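Enquirer: Sequence first, predicted model second:
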Amino acid sequence: MPDKRALAISAAKILVGALTGEWSGVAGATGSIIIEYFAKKLPTESGNSYRKLLSSVEDGLYPLIAAGEVKEQDFDAVVATAGGILADFRPTIAAQIDGHLDAGAIAKDILTEAEPRLKVLGADLSPLCSRIVTAVLDAYLHHPDTVKALEPEFRTAMLDFKAEFAESRDRFKPEVAAALDAWAIRDLVRIPRRDWHDGLAHSSLLDPEYAVVPYVGREELRDGIEAWAVDGRWVSVRLYTGEGGAGKTRLMIEMCERMRRRHGWHAGFLGREAVEAAEGTIRRLLRAHDKQFLVLDYAQVQMPFLR
């Protein structure tokens, strides 16, 4: 196994990327390289904040890595799972972080829901994944303002780099380019969530994207959709119809979040860019991610894409 301190540094970069929203979905050296590309584009002050957070996460990870012997391939799988969990539960983490002093309590909440993802790792590796998630959340608790400040900075750096990558793809190693391809098209698919704030029209209370009211009920329906999605078939298509306001969009928002959080799937609604660039869109997505839950809302007005 490579130098354990080097592994801690590499893993810390990937997991900080997950915390700040720039999760590439890739662990190991490739994932670390991608985050470094983003970090180099941060302004000086933000770069200093990033390095402090990185050091805090690294310090939390190193004792966990030093305490045991894990094969490098297995370790990469653990970090990939931990990064995916942190990225997919970011809204939950952000909502809880201000009111908690115990990273373990937050970790317990999200890891309970993410149990199917831990089961994929197996009994030998899932405890390490749980400890890594807790260690990262502990660093977050000590630097909550830093994480929040870095989110928009990383987003800006990512957009700058996205344009650069499109123009100079050939200068990257094949494995890095492939990972960046997967990352670059992620905005084709998103979960339509928006934060509620005072000043919005009362009619916005009915907008499913704000999710003002917690989702209650329809457990049998949601469980049925989840079972259908994970039944092992290579591809399946399902049609949902109903009157306006029946709850179709909100149901699918909830299902996308469930598939991401519980199973680590690439899940979301196909955005306008994906629909307008219909030719090859699905092919590109399938090359980038092997587990996908894709929703096409208002399908009746998007027939050219469907054809």
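Expert: Noted; the coordinates are in hand.

Enquirer: OK, contacts around the closest residue to H143 other than its chain neighbours?
Expert: Leaving aside its sequence neighbours, H143 sits nearest to L53 (CB to CB, 6 or more residues apart in numbering; 5.1 Å). The way it works is simple: take the backbone N, C-alpha and C, and place the C-beta from them, glycine included. Listed by CB atoms under 8 Å, 6 or more residues apart in numbering, the contact set of L53 reads 16, 19, 139, 143, 146-147, 150.

Enquirer: can you name the two of those that are farthest apart?
Expert: Pairwise distances across the contacts of L53 (CB to CB) peak at 12.6 Å, for the pair A139 and L150.

Enquirer: can you redo the contacts of L53 as a markdown table with neighbour count and secondary structure?
Expert: Shown next, in a markdown table, are these (neighbours: other CB atoms under 10 Å; DSSP: H, G, I helix; E, B strand; the rest coil):
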| residue | neighbour count | secondary structure |
| --- | --- | --- |
| V16 | 29 | helix |
| L19 | 26 | helix |
| A139 | 25 | helix |
| H143 | 18 | coil |
| T146 | 20 | helix |
| V147 | 21 | helix |
| L150 | 25 | helix |
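
Enquirer: Can you tell me which of these is nearest R190?
Expert: Distances from R190 to the contacts of L53, taken as CB to CB, are shortest for L19 (18.8 Å).

Enquirer: Give the full set of residues in contact with that closest one.
Expert: Contacts of L19 by CB under 8 Å, 6+ apart are 53, 86-87, 90, 93, 136, 140, 147.

Enquirer: again, 10 Å this time
Expert: Contacts for L19 (CB atoms under 10 Å, 6 or more residues apart in numbering) come out as 53, 57, 83, 86-87, 90, 93-94, 136-137, 139-140, 143, 146-147, 150-151, 154.

Enquirer: Then V147?
Expert: 16, 19-21, 49, 53, 90, 93-94, 97, 139-141.

Enquirer: In helices only, show me the residues you listed.
Expert: Judged by DSSP state H, the subset of those located in helices is 16, 19, 49, 53, 90, 93-94, 97, 139-141.

Enquirer: Would you mind giving the contacts of V147 as CSV with distance to Y298 and pLDDT added?
Expert: Below are the contacts of V147 laid out as CSV (distance: CB to CB, whole Å; pLDDT from 0 to 100):
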residue, distance to Y298, pLDDT
V16, 37, 86
L19, 34, 82
T20, 32, 80
G21, 27, 73
S49, 41, 85
L53, 40, 87
R90, 27, 80
I93, 31, 80
A94, 30, 77
I97, 35, 72
A139, 42, 87
Y140, 37, 86
L141, 41, 83
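
Enquirer: circling back to that earlier point, mutual contacts of A139 and L150, please.
Expert: With CB under 10 Å, 6+ apart as the test, A139 and L150 both reach 16, 19, 53.

Enquirer: Just name the closest of those to A67, please.
Expert: V16 (21.5 Å).

Enquirer: Any figure for the gap between that closest one and D160?
Expert: 18 Å (CB to CB, to the nearest Å).

Enquirer: Count the residues that sit near E72.
Expert: For E72, the neighbour count with other CB atoms under 10 Å is 12.

Enquirer: And it, how close does it get to A123?
Expert: Distance from E72 to A123, counting by CB to CB: 20 Å.

Enquirer: got it, and P152?
Expert: Taken as CB to CB, the span from P152 to A123 is 40 Å.

Enquirer: what about these two, which has more around it?
Expert: P152 (12 against 8).

Enquirer: What separation is there between that one and Y140?
Expert: For P152, the distance to Y140 - CB to CB - is 17 Å.

Enquirer: and if you look at R117?
Expert: Distance from R117 to Y140, counting by CB to CB: 20 Å.

Enquirer: Repeat that for L64.
Expert: 16 Å.

Enquirer: quick one: G245 is in a strand?
Expert: No - going by DSSP: H, G, I helix; E, B strand; the rest coil, the assignment for G245 is coil, not a strand.

Enquirer: What count of nearby residues applies to it?
Expert: Considering only other CB under 10 Å, G245 is surrounded by 10 other residues.
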